[in-house]
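In: Next input, structure requested:
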Amino acid sequence: MTPPSSRRTFVVCALGAVLALAGCQKEPEVTPAAAPIDAAAGQAMTLGDPAAKVHVEEYASLTCSHCAEFNNTVFPAFKAKYIDTGKVRYTLHELMTPPQDVAAAGFMTARCAGKDKYFAVVDDIFRRQEAMFAAGDVMGTLRAVATSAGMSEAQLQACLTDKAALAAASARSQAGAAAGVHSTPTFFVNGKKVKEGVATLEELDAAVAEASK
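Out: Next up, the predicted model:
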């Protein structure tokens, strides 16, 4: 489980850090104001039947090793059992944990790839996470992920230097903190917190069964 060093660490780091990842030579003169937090609620990404009786929400960060563990070892079976069968609507809430600039860049890349590719890009980054940090090559990893998603280098550069997109990412992360989420991953089922840390399939089975009554 990845806790923030403080509540403010959920807010994305300075824009210059993300621009540096993109290889820019100059930082902007003005840092964008964060978008309204309440507007961020409608920006979460979802999978599954919108009319499903059970709604599972996960707060996760692309720099969280426990989030990667859940994505890589539990989520595929959970998705096949509940999301693909229409029993559960799943929502991923983006919540930046250190290094926040890397988490922000990853989520921005996923969104720039398009809604239909968002979860595939998130999965790809999670699966490359360990190697990315071991090699210390964040930008190389993002380039590889973007290429796999059909994005050009120019599109990736434009994505990572989009000040409005960064402000929106910051607002989404702040919304998680405002909702009382202080570590990743954290899971809610029908609005009830059921787990902080890596949820097992058995734990999710029990929570979904309870919510289905």
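
In: Which other helices and strands does the longest helix along the chain contact?
Out: Using DSSP state H, we find that the single longest helix of the chain is helix 118-135. Counting contacts by 3 or more Cβ pairs under 8 Å, 6 or more residues apart in numbering; DSSP states H and E, helix 118-135 packs against strand 45-47, helix 65-73, helix 100-112, helix 138-148. Every residue, glycine included, has its C-beta placed from N, CA and C.

In: Quickly compare these and say which is most buried.
Out: helix 100-112 (a mean of 26; mean count of other Cβ atoms under 10 Å).

In: Rounded mean pLDDT for it, please.
Out: Helix 100-112 shows an average pLDDT of 95 in the prediction.

In: how close does the residue nearest the centre of the chain sit to residue 84?
Out: Residue closest to the average C-alpha location in the chain (Cα atoms, centre = their mean): residue 94, at 3.7 Å. From residue 94 over to residue 84 the distance is 23 Å, taken as Cβ to Cβ, to the nearest Å.

In: Excluding chain neighbours, what is closest to residue 208?
Out: residue 54 (5.3 Å; Cβ to Cβ, 6 or more residues apart in numbering).

In: Quick check: residue 198 vs residue 64, distance?
Out: 10 Å.

In: Neighbour count: the two, which is higher?
Out: Each of residue 198 and residue 64 has its neighbours counted (other Cβ atoms under 10 Å); residue 64 has more, 26 against 19.

In: List the buried residues for stretch 186-193?
Out: Buried residues in stretch 186-193, counted by 16 or more other Cβ atoms under 10 Å: 186, 187, 188, 189.

In: which residues touch the first one?
Out: Which is residue 186. 58, 59, 193, 195, 196 (Cβ atoms under 8 Å, 6 or more residues apart in numbering).

In: worst-scoring helix or strand of this protein, pLDDT-wise?
Out: helix 37-40 (a mean of 44; mean pLDDT, DSSP states H and E).

In: circling back: was I right about the residue nearest to the centre of the chain contacting residue 107?
Out: Yes - with contact defined as Cβ atoms under 8 Å, residue 94 and residue 107 form a contacting pair (4.8 Å).

In: so what sits against both of the two?
Out: residue 169.

In: thinking again about what came up before, kindly state which of the helices and strands packed on helix 118-135 is positioned closest to residue 80.
Out: Residue 80 lies closest, by Cβ to Cβ, to one member of the helices and strands packed on helix 118-135: strand 45-47, at 11.7 Å.

In: now the helix or strand following the closest one, how far from the centre of its chain.
Out: Downstream of strand 45-47, the next assigned helix or strand under DSSP states H and E is strand 54-60. The chain centre lies 12 Å from the centre of strand 54-60; the measure is Cα atoms, centre = their mean, to the nearest Å.

In: what's the answer for stretch 201-213, then?
Out: Counting by Cα atoms, centre = their mean, stretch 201-213 comes out at 23 Å from the chain centroid.

In: buried ones in it?
Out: Quick answer for stretch 201-213 (16+ other Cβ under 10 Å): 204, 207, 208, 211.

In: would CSV of those residues with distance to residue 122 and pLDDT be doable?
Out: Rendered in CSV, the data for the buried residues of stretch 201-213 read as follows (distance: Cβ to Cβ, whole Å; pLDDT from 0 to 100):
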residue, distance to residue 122, pLDDT
204, 18, 98
207, 22, 98
208, 22, 98
211, 24, 97
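
In: Good, we can wrap up now.
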